[in-house]
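# Just need the structure, nothing else, for what follows:
(one chain, ligands or ions: 1)
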Amino acid sequence: MKTGGLADVSGALPVALHGLGLDIKLLIPGYPEVLSKCRDTKPFATLDNPFAPGDVQLLESHLPDTDLPVLIVAYDAFFNRPGGPYQTSAGSDWPDNALRFGLLSYVAAWLGSSGNTSAWQPDIVHCNDWQTGLAPAYLRFWQGRKARSILTIHNLAYQGVFGAEMLHALQLPPESFKLQGLEYYGQLSFLKAGLFYCDRITTVSPTYAQEIQHESLGFGMQGLLHERRGVLTGIINGIDNQEWNPEIDPHLDKPFTALRLHDKAQNKSALQQEVGLHVHAQAPLVAIISRMTYQKGSDVILGLMNDLVREGVQFVLLGSGDKALERAFRELALNHPGRISVTIGYDERLSHRIEASADIFLMPSRFEPCGLNQMYSQRYGTPPVAHATGGLADTIVDATPENIAAGLASGILFYDMHFHTVIAALRHAVHLYRHDPNVWRQIQLAGMAKDFSWQNSAQEYLKLYRSLDA
Ligand code: ADP
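A predicted model of the protein is given here:
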């Protein structure tokens with residue numbers, strides 16, 4: 001079940017922690033995809049749905065292809081429906097999201113409380129984003145034994161804000177509805193509840209942990225985050241090194257390694273053919289894979305394509321999102337057949353093929369809590385050109401003369417989000433690719449040699465969990 005980076009993290013971090021010997025279970029709503037992929041379920045527990053008629057079944061299974069235990073919140077009326085996890089197929093939020101994710105939070109808190117009648121009692125409830133933000137609030141207000149709680153922010157822009165009237169329906173005490181609580185300008189904020197009532201806050205890169213304490217990227221939470229900075233840390237996400245390994249990637253025409261970098265060329269020509277670009281080995285091929293939103297700088301990308309295409313650059317874009325942006329990209333592709341390829345949709349296979357085949361990966365995100373594609377692209381010898389924000393700043397070493405001389409440069413960073421700065425950075429990359437092949441190759445190899453595995457990050461989380469014993 002995936003709409004973005006949160007899925008990559010929720011799938012990989014618990015597996016890495018389990019590998020370190022933690023007794024960990026992943027709690028996930030019973031979406032249709034989850035129920036169909038986790039077939040060998042056993043009943044784990046049953047509890048009353050506090051927000052709707054009937055019982056909630058907790059089913060135990062395993063994450064496919066791993067031995068990680070998964071607990072599925074099976075309540076069909078809330079989760080087993082067609083459409084997206086948060087929105088209808090037409091793109092509007094499900095009207096009962098407050099109750100749906102209230103229930104997910106409630107079950108998480110229930111597991112960590114003395115109400116939990118099962119044999120498995122967690123010491124820590126680790127929540128992710130607004131969808132689980134009420135769990136720390138319930139834990140704070142309920143009586144009896146309680147687990148400690150951590151909230152990880154994957155993206156502060158999504159906050160789960162609902163009308164004040166939901167307070168009662170969600171069984172939250174009236175005293176929680178204040179500035180020093182979960183109230184957000186007269187409304188109820190799931191994210192603020194989590195940030196306010198949890199024991200520790202983490203986010204997915206050290207730079208983003210700093211940035212969100214300031215107005216420009218704090219999305220209204222900067223005051224609270226600054227106040228709680230003593231319990232706030234940034235831990236960079238890892239990547240799944242098995243899934244994203246150019247040596248064994250089943251989606252590629254020609255798997256390759258750092259020692260056989262020239263094999264990228266075969267992938268490039270196959271991709272050019274597949275997506276309708278002119279098959280041209282020397283044309284610099286720039287890739288974009290992202291949600292089409294203002295955050296990702298899709299508008300800036302739209303603005304620069306015309307100029308770069310005139311300079312012989314090709315673009316391959318995969319993504320979906322804002323309908324007006326989708327239309328504009330489609331139109332641009334029609335105007336530049338063979339030079340700009342746009343695929344609207346979500347396609348794992350194609351995303352792997354693009355990472356492997358392109359020459360340059362473009363990420364002009366206005367903000368980026370961690371970002372994953374820049375790590376995938378470095379691993380696939382496709383240097384990123386990116387805005388020096390959040391996790392992009394923490395995972396890419398800019399191709400300054402000093403970093404090139406030291407053999408560390410792994411991409412090209414720009415430091416402000418002006419159209420001219422972005423285009424200059426992209427031209428710099430194209431220039432190195434065309435005219436300085438030795439330096440370009442060194443940048444590719446430096447990226448491929450980096451360790452982005454979950455092991456380091458999982459150790460950081462383990463330290464954090466241990467600090468909660470104190
Ligand atoms: P975010 O979570 O903000 O969308 P990230 O870079 O953290 O951004 O993670 C995005 C993840 O979703 C990556 O694994 C990326 O490859 C994937 N992705 C985004 N759009 C698509 C798409 N259209 N098709 C396939 N994968 C996509």
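# Quick one: neighbours of the closest residue in space to E175 that isn't next to it in sequence, just the number.
By the measure of C-beta to C-beta, 6 or more residues apart in numbering, the closest residue to E175 outside its immediate chain neighbours is G181, 7.3 Å from it. Backbone N, C-alpha and C define where each C-beta goes, glycine included. Residues near G181, counting by other C-beta atoms under 10 Å, number 20.
# Wasn't G181 part of a helix?
No - the assignment for G181 is coil, going by DSSP: H, G, I helix; E, B strand; the rest coil, so no helix is present there.
# who touches it in this structure?
Shown here is G181, whose contacts under the criterion C-beta atoms under 8 Å, 6 or more residues apart in numbering are 175, 193, 196.
# Can you verify my assumption that the last one contacts L182?
What it means is F196. Yes - in terms of C-beta atoms under 8 Å, F196 counts as a neighbour of L182; the distance is 6.3 Å.
# shared neighbours of the two, which are they?
A137.
# Assign a three-state SS to whatever residue of the stretch 101-250 of the chain ends up closest to the ligand, would you?
As assessed by C-beta to the nearest ligand atom, the ligand sits closest to N155 within the stretch 101-250 of the chain, at 6.0 Å. When the structure is reduced to helix, strand and coil (three-state DSSP), N155 reads as coil.
# so what's it scoring on pLDDT?
You'll see N155 listed with a pLDDT of 87.
# quick one: contacts for the residue lying closest to it once chain neighbours are set aside?
In space, and not counting its chain neighbours, N155 is closest to P369: 5.4 Å by C-beta to C-beta, 6+ apart. By C-beta under 8 Å, 6+ apart, the contact list for P369 reads 5, 153-156, 203-205, 208, 390-391.
# Return a PyMOL selection command for the buried portion of those.
If you want just the buried ones from the contacts of P369 in PyMOL, going by 16 or more other C-beta atoms under 10 Å, the selection is:
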select buried, resi 5+153+154+155+156+203+204+205+208+390+391
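# how about the contacts of P369 in JSON lines, adding distance to Y465?
Written out in JSON lines, the entries for those read as follows (distance: C-beta to C-beta, whole Å):
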{"residue": "G5", "distance to Y465": "22"}
{"residue": "I153", "distance to Y465": "17"}
{"residue": "H154", "distance to Y465": "18"}
{"residue": "N155", "distance to Y465": "23"}
{"residue": "L156", "distance to Y465": "23"}
{"residue": "T203", "distance to Y465": "16"}
{"residue": "V204", "distance to Y465": "17"}
{"residue": "S205", "distance to Y465": "19"}
{"residue": "Y208", "distance to Y465": "21"}
{"residue": "G390", "distance to Y465": "24"}
{"residue": "G391", "distance to Y465": "22"}
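# any chance of the contacts of G181 in TSV, with distance to the ligand, neighbour count and secondary structure too?
Converted to TSV, the contacts of G181 look like this (distance: C-beta to the nearest ligand atom, whole Å; neighbours: other C-beta atoms under 10 Å; DSSP: H, G, I helix; E, B strand; the rest coil):
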residue	distance to the ligand	neighbour count	secondary structure
E175	35	9	helix
A193	22	29	helix
F196	24	24	helix
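# Among the residues you listed, find me the one that's closest to M166.
Of all the contacts of G181, A193 has the smallest distance to M166: 11.4 Å, by C-beta to C-beta.
# wait, that closest one sits on P136?
Yes - using C-beta under 8 Å, A193 and P136 qualify as a contacting pair, with a distance of 6.8 Å.
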